[in-house]
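1. okay, sequence plus prediction incoming.
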Amino acid sequence: MTAEAISEGRTGSDFWDGVRLSMPVVVASAPFAILFGAIAVDNGFSVLEAFLMSALIFGGASQMVGIELFGQHVAPWLIVLSIFAVNFRHVLYSAGIGRRIAHWPLLQQALGYFILTDPQFAVAEARAVSGKPVGFVWYLGLGLPVYVFWVIESGLGAVFGKLIPDTHALGIDFLLPIYFLGLVLGFRKRPLWLPVVAASAAASIIAYKTVGSPWHVSIGAIAGVLLAVILPPHHSGIGERP
Amino acid sequence: MSTTFWIILAGAIATYLTRVGGHLVISRFENIHPRVEAGLNAVPAAVLTTLVAPAVLGAGPAEWAALVVTALVSLRGGLMPMFLAGAAVLIIARQFVG
């Protein structure tokens, strides 16, 4: 077999490796996409606008917040600022994942950042930590199904929103915390994992009770990151010589 | 163009800026200081924890049971078994404790 054929075969299986990992995300985010579409129409969006918001922003929590404020007739600039605030955590993801994908062609990077969601970052970062390369094809396999389902399901929710059954009994409101807990635990072998988790948990809960949502995310995240910055780097396993 | 459309467009640009911004800032530097690298390595645990912690605090017995099972399965299994086990426990437990 030539080297080219080998690399082609790898490319295909890389893509499907990514798709396989995307499935829990597709399942967990489906109810929220449908719910978003339904709430959007309920708050005065057209079906097309709900669809567009999912296609262009692709960030569930920020879309929910945006829609909620829109329904309360808040000033447009304040809605945009709130979307920015909810999504601010992505700045940290972007800085982190940039180290893994800097070798991609520019256009691929530009697309890669567009689909940089919470699970996208966590799963890609976990792959990088395990020593495997984070290639564009694999990354696309991970992100594309999530995006396509998110946009389509938002549209379906907007059209058929009135038909949604009892979401509480189906556990829909708690699916994402379950998924995110699994992601957090997936990083437990990292140096400093427990202190960082403890600091972020404490800070985010305090901020949630005092400052309120969505700022508890940024405040909690900064607390955990700062702890790692302040402690001598060898605690993080950096600068050790084998 | 309607106001709604401009809100969506501006929101999309703001969101993309957060997704590309961290990289644009970091890539200005030739060498990443070890402390910055330590901070970046802490990002997954730090950010993802904030998405779970307040939800855990406000949860009831059904949610707690689901989280415990999720944590136990995650010690052994992959992402999908972990997620399905947690979701199954949650749905079953909510039939009883609501």
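-> Thanks, I have the structure now. Residues are numbered from 1 along each chain as shown, chains lettered A, B, ... in the order given.
2. list the buried ones in stretch A:211-222?
-> Neighbour counts over stretch A:211-222 (16 or more other Cβ atoms under 10 Å in any protein chain shown) mark A:214, A:215, A:216, A:217, A:218, A:219, A:220, A:221, A:222 as buried. Heads up, the C-betas are built off the backbone N, CA and C, glycines and all.
3. quick one: which of those is nearest to residue A:99?
-> Nearest to residue A:99 out of those is residue A:221 (Cβ to Cβ; 17.7 Å).
4. helix or strand: which one has the residue in chain B that chain A sits nearest to?
-> Residue nearest to chain A within chain B (Cβ to the nearest Cβ): residue B:46, separated by 2.8 Å. For residue B:46, the element it lies in under DSSP states H and E is helix B:43-57.
5. would you mark the buried spots in the following helix or strand past that helix?
-> Per DSSP H and E, the first helix or strand lying C-terminal to helix B:43-57 is helix B:61-76. Using 16+ other Cβ under 10 Å as the test for burial, helix B:61-76 gives B:62, B:63, B:65, B:66, B:67, B:69, B:70, B:71, B:73, B:74.
6. and those residues as CSV, adding pLDDT?
-> Formatted as CSV, the buried residues of helix B:61-76 follow (pLDDT from 0 to 100):
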residue, pLDDT
B:62, 92
B:63, 93
B:65, 94
B:66, 94
B:67, 94
B:69, 94
B:70, 93
B:71, 92
B:73, 93
B:74, 88
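7. now, which of those residues lie close to chain A?
-> B:63, B:66, B:67, B:70, B:71, B:74 (Cβ under 8 Å from any Cβ of the partner chain).
8. spit out the contact partners of the first one.
-> With contacts taken as Cβ atoms under 8 Å, 6 or more residues apart in numbering or on different chains, residue B:63 has the following neighbours: A:174, A:177, B:55, B:56, B:90.
9. ok, now how distant is it from residue B:91?
-> 11 Å (Cβ to Cβ, to the nearest Å).
10. overlap in contacts of those two?
-> By Cβ under 8 Å, 6+ apart, no residue touches both residue B:63 and residue B:91.
11. and the longest helix belonging to chain B, how far out from the chain's middle?
-> Assignment by DSSP state H gives helix B:3-26 as the longest helix of chain B. How far helix B:3-26 lies from its chain's middle: 19 Å, per Cα atoms, centre = their mean, to the nearest Å.
12. mind giving me the domain ranges of chain B?
-> Domain segmentation of chain B under automatic domain parsing yields B:1-41, B:44-98.
13. out of these, which is the most enclosed?
-> Neighbour counts (mean count of other Cβ atoms under 10 Å in any protein chain shown) averaged over each of the domains of chain B peak at domain B:44-98, with a mean of 19.
14. distance of the residue positioned nearest the centre of chain A from chain B?
-> For chain A, residue A:118 is the residue whose C-alpha lies nearest the centre (Cα atoms, centre = their mean; 1.9 Å). In this view, residue A:118 and chain B are 7 Å apart by Cβ to the nearest Cβ, to the nearest Å.
15. is it true that that residue touches residue B:49?
-> No. Taking contacts as Cβ atoms under 8 Å, residue A:118 lies outside contact range of residue B:49: 11.7 Å.
16. wait, residue A:83 sits on residue B:17?
-> No. The pair residue A:83 / residue B:17 is not scored as a contact, 10.9 Å apart, by Cβ under 8 Å.
17. what distance do you get for the residue nearest to the centre of chain A to residue A:103?
-> Look at residue A:118 and residue A:103: by Cβ to Cβ, they are 24 Å apart.
18. where does pLDDT dip in chain B?
-> For chain B, the stretches flagged by pLDDT under 70 are B:1, B:98.
19. list the contacts of the nearest residue to the residue of chain B closest to chain A once chain neighbours are set aside.
-> Spatial nearest neighbour of residue B:46, excluding adjacent residues (Cβ to Cβ, 6 or more residues apart in numbering or on different chains): residue A:224 at 2.8 Å. By Cβ under 8 Å, 6+ apart, the contact list for residue A:224 reads A:196, A:197, A:199, A:200, A:203, B:42, B:45, B:46, B:47, B:49, B:50.
20. now do the helices in chain A.
-> Going by DSSP H, chain A shows helices at A:3-42, A:47-56, A:60-71, A:76-86, A:90-101, A:106-114, A:118-129, A:136-160, A:175-186, A:193-210, A:215-230.
21. can I get those in a markdown table including mean pLDDT?
-> Listed next are the helices of chain A as a markdown table, based on pLDDT from 0 to 100:
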| stretch | mean pLDDT |
| --- | --- |
| helix A:3-42 | 82 |
| helix A:47-56 | 96 |
| helix A:60-71 | 86 |
| helix A:76-86 | 87 |
| helix A:90-101 | 93 |
| helix A:106-114 | 97 |
| helix A:118-129 | 94 |
| helix A:136-160 | 96 |
| helix A:175-186 | 85 |
| helix A:193-210 | 95 |
| helix A:215-230 | 91 |
